[in-house]
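got a sequence here, can you model it:
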Amino acid sequence: MQYTECAIDDLGAEFCRSFVETAAAKEDETVIFAWAVFADRTARDAANAAIMADERLAGLCGESGQIFDSKRMSFGGFKTIVSH
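Numbers count the residues shown, from 1 in each chain. All right, here's what the predicted structure looks like:
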């Protein structure tokens, strides 16, 4: 598995919607873009099940005291079209 996490650095494009707009981020918030690459969908589903079963995650998502709002989080599985 490969996992990458990045903080927003350049929002100069005026021709499309920025990640800040997509996440409805406020001035004092930082948008994080992360992705993981799994061997296959079965491996991804197993990892997601283990992550969601981890009790430490419950403290990160919730009403108050959370470090991120999971309702503003995006998720999707993708098939590779081009890889170089």
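
switch to C-alpha atoms for all contacts and neighbour counts from now on
Will do.

which residues does the residue nearest the centre of the chain bridge with?
Nearest to the mean C-alpha position of the chain, counting by Cα atoms, centre = their mean, stands Ala34 at 4.7 Å. For Ala34, the beta-bridge partners under DSSP bridges are Glu5.

check which element follows the longest helix along the chain along the chain.
Ranked by residue count and defined by DSSP state H, the top helix of the chain is helix 41-53. Along the chain past helix 41-53, the next helix or strand (assigned with DSSP states H and E) turns out to be helix 55-58.

what's in contact with that next one?
Among residues not part of helix 55-58, those counted as contacts by Cα atoms under 8 Å, 6 or more residues apart in numbering are Ile51.

convert that helix to PDB, retaining C-alpha atoms only.
What follows is the C-alpha trace of helix 55-58 in PDB, where atoms were taken according to Å, rounded to 0.1, in the frame of the first residue of the first chain:
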ATOM      1  CA  GLU A  55     -11.600   3.100  18.700                       C
ATOM      2  CA  ARG A  56      -9.100   5.900  18.300                       C
ATOM      3  CA  LEU A  57     -10.900   7.100  15.300                       C
ATOM      4  CA  ALA A  58     -14.100   7.800  17.300                       C
END
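
dump the residue contacts of Ile32.
Counting by Cα under 8 Å, 6+ apart, the residues that Ile32 touches are 5-8.

kindly recompute the last result at 6 Å.
Shown in contact with Ile32 (Cα atoms under 6 Å, 6 or more residues apart in numbering): 6-7.

so it versus His84, what's the distance?
Spatial separation of Ile32 from His84 under the definition Cα to Cα, to the nearest Å is 25 Å.

one more: Ser18?
From Ser18 across to His84, the span is 26 Å (Cα to Cα).

neighbour count for the two, which is higher?
Between Ser18 and His84, Ser18 has the larger neighbour count (other Cα atoms under 10 Å), namely 15 against 2.

secondary structure class of Tyr3, three-state.
Taking DSSP: H, G, I helix; E, B strand; the rest coil as the rule, one finds Tyr3 in the strand state.

buried ones in the helix or strand bottoming out on mean pLDDT in the chain?
The helix or strand with the lowest mean pLDDT-type score in the chain, counting by mean pLDDT, DSSP states H and E, is helix 55-58 (a mean of 78). Neighbour counts over helix 55-58 (16 or more other Cα atoms under 10 Å) mark no residue as buried.
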